[in-house]
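Undergrad: Provided below are the primary sequence and the corresponding predicted coordinates.
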Amino acid sequence: MTVRNGQGQQGVGGSRPGGSAVPLSEAYDTALLDLDGVVYAGGEAVPYAVEALGVARAGGMHLAYVTNNALRTPDAVAEHLTELGVPAEAGDVITSAQAVARLIADDVPAGSRVLVIGGEGLRVALRERGLVPVDSAEDEPVAVVQGYGGPDMPWGRFAEASYAVAGGLPWYASNTDLTIPGARGIGPGNGAAVEVVRIATGGRVEPKVAGKPLPPMHRETVLRTGAERPLVVGDRLDTDIEGAFNGGVDSLLVLTGVTDVAQLLRAVPEHRPTYVDVDLRGLLLGQPEVVAEEDGSFVCGEWRASVSGGELVLDGPGGSAEASEGGAGGVMDGVRASCGAAWSAADAAGGGVPDAAKALARLGL
């Protein structure tokens, strides 16, 4: 299970997390980083993100920022990252707006009008592909596209999309993330807006979606980065990690966004990351191996996890980060061992998930 040079997909959809004998920033040439919940949340940098990315970049790792958030332009995102202390250029940023604009451009003639329900990032991406963004279904568009428009998106924009979709126009969406993390908590994402239009139009049609975890976003990322040994880094199982699974590349889940350990333990194979760590400092570390023992238990560091009577059983040095000799890293070893036991048990049971309440309490989570 140990990765030594970032080649090959160790643990993609597997029954336990993978390990790396060298820091991930050395094992992989490019980090494909999600933004919301990974690098920043609500406009502010996630703790340790700036420092960790600086060290990874100085060591030679190429950093690319891959986001399903279609609201802002790559220029605006790069400027924001630079202000936070993460130097970036527009070419380092790949958005779902760019992916959906390419998808539409492949389907309609150059110069076509497209009804835009979203922000400036979507408009700029459409113009980049030779398309003309318009604001009304009466402006003779040939398609309608939805992208995240921010918390102040007027309700009337959803009505405009509904009129266009009900009238038979092809419907596209940058992404369908139901939620988005912010400074005050988790808010509704573009997927929630897509559901509004779906309900208003009777659920008779489905949009063509470009963003993670679907192939158009992976294609856009590969075309723009040229990565040879990429590592996807994200906080969402159903977009970042599933996107890596679909693309056949390794992934690192960080626990700074929407996914918690309880959700991770219930992950189906396509939602299982290659690696898991508390935050972006995990890029700078080797990843400990999770060992499958003959008795069916899984060991990582000082922690041992098994499943007995439908319950996840965890033995280790303490029940909190402070109690563990390894601090937060020691508790993460408990999380990794627990993943091995829970995922293997679920696979053996055809999807049944062991009760993890006591194990989570022992970890202080």
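TA: On my side now, so go ahead.
Undergrad: quick one, what contacts the residue lying closest to D139 once chain neighbours are set aside?
TA: By the measure of C-beta to C-beta, 6 or more residues apart in numbering, the closest residue to D139 outside its immediate chain neighbours is R113, 6.0 Å from it. (C-beta placed from N, C-alpha, C; glycine too.) The neighbourhood of R113, defined by C-beta atoms under 8 Å, 6 or more residues apart in numbering, consists of 131-134, 139-142.
Undergrad: ChimeraX command to pick out the buried ones of those residues?
TA: ChimeraX command restricting these to the buried ones, with burial defined by 16 or more other C-beta atoms under 10 Å:
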select :131,132,133,134,141,142
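Undergrad: of all the contacts of R113, which comes closest to L35?
TA: Distance to L35 across these (C-beta to C-beta) is lowest for P133, with 23.1 Å.
Undergrad: so who does that closest one touch?
TA: Contacts of P133 (C-beta under 8 Å, 6+ apart): 113-116, 122-123, 126-127.
Undergrad: correct me, but L283 touches S25?
TA: Yes. Shown here, L283 and S25 form a contact pair, counting by C-beta atoms under 8 Å, at 4.9 Å.
Undergrad: quick one on the thing from earlier: narrow the contacts of P133 to those that are buried.
TA: For the contacts of P133, buried by 16+ other C-beta under 10 Å: 113-116, 122-123, 126.
Undergrad: would you point out the most distant pair within these?
TA: Farthest pair in these, by C-beta to C-beta: R113 and L122, 13.9 Å.
Undergrad: state whether A70 is indeed within a strand.
TA: No. Using DSSP: H, G, I helix; E, B strand; the rest coil, the assignment for A70 is coil, not a strand.
Undergrad: residues near it, how many?
TA: 31 (other C-beta atoms under 10 Å).
Undergrad: what do you get for the one 5 residues further on?
TA: D75: 15 surrounding residues under other C-beta under 10 Å.
Undergrad: now do the contacts for the closest residue to it other than its chain neighbours.
TA: The spatially closest residue to D75, leaving aside those adjacent along the chain, is A90, at 4.6 Å (C-beta to C-beta, 6+ apart). Counting by C-beta under 8 Å, 6+ apart, A90 makes contact with 73-75, 77-78.
Undergrad: hmm, try it at 10 Å
TA: 73-79 (C-beta atoms under 10 Å, 6 or more residues apart in numbering).
Undergrad: from these, which is closest to R224?
TA: Out of the contacts of A90, the member with the shortest distance to R224 (by C-beta to C-beta) is P74, at 9.6 Å.
Undergrad: so what's the closest one up against?
TA: 65, 67, 88-95, 97-98, 121, 124-125, 128, 224.
Undergrad: the same query, at a cut-off of 8 Å, please.
TA: Contacts of P74 (C-beta under 8 Å, 6+ apart): 90-95, 98, 121.
Undergrad: now swap in P354 and tell me
TA: 307, 310-312, 341-342, 345-346.
Undergrad: rerun that using 6 Å as the cut-off
TA: With contact taken as C-beta atoms under 6 Å, 6 or more residues apart in numbering, P354 is in contact with 307, 310-312, 342, 345.
Undergrad: could you dump the residues you listed into a markdown table and include neighbour count and distance to H271?
TA: As requested, those are exported to a markdown table (neighbours: other C-beta atoms under 10 Å; distance: C-beta to C-beta, whole Å):
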| residue | neighbour count | distance to H271 |
| --- | --- | --- |
| V307 | 25 | 19 |
| G310 | 11 | 21 |
| E311 | 14 | 22 |
| L312 | 23 | 18 |
| A342 | 25 | 12 |
| A345 | 22 | 16 |
